[in-house]
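Student: Make a model of this:
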Amino acid sequence: MKEYKKGDLVLSVAGHDKGNYYIIKETEKEYVFLIDGKYKTIDRPKKKKVKHISFIADKGKEISENPDDAEYRRIIKNYKKSVLDY
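Tutor: Numbering: from 1, shown residues only. The predicted model follows:
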């Protein structure tokens, strides 16, 4: 199983949010805390099991020391735009 770390861009592969992109805020054993900047914010991240996500890219270098929700939204939007031709 892959070791996820803070700043990884991941895709939800199970649950009602299947197909949504998130950035990992924090890891805790078999769980990760995910942020998308819109519905799941820094103050209220989504707790999800590691087996229900898939690694997409390491975006840790793009995140500043004190990020806000807009920064997470921008990173996800830029990824979708560059790779998925949104």
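Student: ends of stretch 45-60, how far apart?
Tutor: Using Cα to Cα, to the nearest Å, one end of stretch 45-60 lies 17 Å from the other.
Student: Run through who's touching it.
Tutor: 1-2, 4-15, 17, 21-23, 25-26, 30-36, 40, 75, 79 (Cβ atoms under 8 Å, 6 or more residues apart in numbering). In short, each C-beta sits where N, CA and C put it, glycine included.
Student: separation between Asp58 and Tyr39?
Tutor: 23 Å (Cβ to Cβ, to the nearest Å).
Student: picking that back up, taking the contacts of stretch 45-60 one by one, which sit in helices?
Tutor: Per DSSP state H, helices hold the following members of the contacts of stretch 45-60: 75, 79.
Student: Can you list the buried residues in stretch 3-17?
Tutor: 7-10, 12, 17 (16 or more other Cβ atoms under 10 Å).
Student: so of those, which ones are in strands?
Tutor: The strands, defined by DSSP state E, take in 8-10, 12 from the buried residues of stretch 3-17.
Student: could I get the residues you listed as a markdown table with distance to Lys49 and pLDDT?
Tutor: Formatted as a markdown table, those follow (distance: Cβ to Cβ, whole Å; pLDDT from 0 to 100):
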| residue | distance to Lys49 | pLDDT |
| --- | --- | --- |
| Asp8 | 15 | 95 |
| Leu9 | 18 | 96 |
| Val10 | 12 | 97 |
| Ser12 | 11 | 97 |
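Student: Name the nearest of the residues you listed relative to Asp69.
Tutor: Leu9 (15.5 Å; Cβ to Cβ).
Student: now that closest one, which residues is it bridged with?
Tutor: Leu9 has these beta-bridge partners by DSSP bridges: Ile23, Ala57.
Student: quick one: buried residues of the helix-or-strand element of the chain with minimal mean pLDDT?
Tutor: Every helix and strand of the chain was ranked by mean pLDDT, DSSP states H and E. The lowest is helix 69-84, at a mean of 90. By 16+ other Cβ under 10 Å, the buried positions in helix 69-84 come out as 71-73, 75-76, 79.
Student: what's the answer for stretch 35-53, then?
Tutor: Buried, per 16+ other Cβ under 10 Å, within stretch 35-53: 35-37, 40-41, 45-46, 48, 50, 53.
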